[in-house]
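J.: no sequence on this one, just coordinates:
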């Protein structure tokens, strides 16, 4: 089997309101992942499962990351959470944002402890309820 390279992996929520075409455009406009040059993992709550006490949830995402590293030589992992996320089920937007920022920072620490040679970047996709999407960098 031949090895193919891509720049990054994107771990995002399954929410249909962030359509793949819109996601690719958003990432490209932000100067990341041009022309869909990324492996995509979509799971409810995005990287939230990496903080789960349930090792099956955590291991599923780690498996995807390790396959992407092995087969596609990724250099960056983008963790994308979003506002108005059903997996978080937090009605207060400020509280949801604060918890997601905290979680993204914990995900970064965790991934840095188990992975080498990969840069971790965390973002929150804003504007999901309105469809006017933007990216807020957390780190």
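T.: Happy to help now that I have it. Keep in mind that this is a model prediction, so the values were computed, not measured. Residues are numbered from 1 along each chain as shown.
J.: could you say which helix or strand holds residue 10?
T.: strand 8-12 (DSSP states H and E).
J.: would you mark the buried spots in the very next helix or strand once past that strand?
T.: Proceeding N to C from strand 8-12, the next assigned helix or strand is helix 20-29, under DSSP H and E. Across helix 20-29, burial judged by 16 or more other CB atoms under 10 Å covers 23, 24, 26, 27. In short, each C-beta sits where N, CA and C put it, glycine included.
J.: against which helices or strands is helix 20-29 packed?
T.: Under the contact definition 3 or more CB pairs under 8 Å, 6 or more residues apart in numbering; DSSP states H and E, helix 20-29 sits against strand 8-12, strand 134-137.
J.: list of residues touching the helix or strand where residue 71 lies?
T.: Assigned by DSSP H and E, residue 71 falls within helix 55-72. Here helix 55-72 makes contact (CB atoms under 8 Å, 6 or more residues apart in numbering) with 1, 3-6, 9, 11, 39, 41, 43, 47, 49-52, 74, 77, 111, 114-115, 117-118.
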